[in-house]
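Asks: Could you look at this predicted model? Sequence included:
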Amino acid sequence: MPADTLFEQTSALETLEAGDGYVLYDELRDRVHFLNPTAAIVYELCKGGSSLTDIAGELSDGFGLDAPPLDEVEQCLESLEAEHLIRRLG
């Protein structure tokens with residue numbers, strides 16, 4: 001996936017904080033999704049359109065990592081997109 005591809009959250013999802021992650025309800029597909037803390041952060045960072053590079057950089061800064069976790073964020077974005085929780089812009 002190109003590092004500058006922008007993602008945004010899909011609409012019509014109910015979001016509830018649950019413990020250390022999120023529970024999302026997709027009314028259109030009648031599905032419930034449980035996001036762990038890292039996936040919840042990635043999902044939140046997709047508000048308004050964010051790229052793989054932007055999200056990995058935010059995680060790197062926020063957790064004091066030596067390098068942005070590009071591969072891990074890419075896998076997370078692909079999973080969120082496959083479940084219709086986020087979509088690519090453009």
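Replies: Arrived safely, thanks for sending. Because the structure is a prediction, the values reported are computed rather than measured.
Asks: Show me the helices in this protein, by range?
Replies: 37-45, 52-63, 70-82 (DSSP state H).
Asks: what inclination does the last one have with respect to helix 37-45?
Replies: So the one you mean is helix 70-82. 70 degrees (axes from the mean of the first three to the mean of the last three CA atoms, to 10 degrees).
Asks: Point out where the chain drops to low pLDDT.
Replies: 90 (pLDDT under 70).
Asks: Show me which of the helices of the chain has the highest average neighbour count.
Replies: Most buried of the helices of the chain by mean neighbour count (mean count of other CB atoms under 10 Å) is helix 37-45; its value is a mean of 19. C-beta coordinates here come from the backbone N, C-alpha and C atoms, glycine included.
Asks: Other residues contacting that one?
Replies: Contacting residues not belonging to helix 37-45 are listed as 9, 20-22, 24, 35, 54-55, 58-59, 62, 72-73, 76-77, 79-80, 85-86 [CB atoms under 8 Å, 6 or more residues apart in numbering].
Asks: Using CSV, write out the CA atom coordinates for it.
Replies: Provided in CSV are the C-alpha atoms of helix 37-45 (Å, rounded to 0.1, in the frame of the first residue of the first chain):
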residue,chain,number,x,y,z
PRO,A,37,-6.0,-0.6,22.4
THR,A,38,-3.6,-0.2,19.4
ALA,A,39,-6.3,-0.9,16.8
ALA,A,40,-8.5,1.6,18.6
ILE,A,41,-5.7,4.3,18.4
VAL,A,42,-5.2,3.5,14.7
TYR,A,43,-9.0,3.7,14.1
GLU,A,44,-9.1,7.1,16.0
LEU,A,45,-6.3,8.5,13.9
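Asks: quick one: it to helix 52-63, angle?
Replies: Going by the same axes, to 10 degrees, helix 37-45 makes 130 degrees with helix 52-63.
Asks: mind checking how far helix 37-45 is from the chain centre?
Replies: 5 Å (CA atoms, centre = their mean, to the nearest Å).
Asks: Any idea what His33 is bridged to?
Replies: On the basis of DSSP bridges, His33 is bridged to Leu24.
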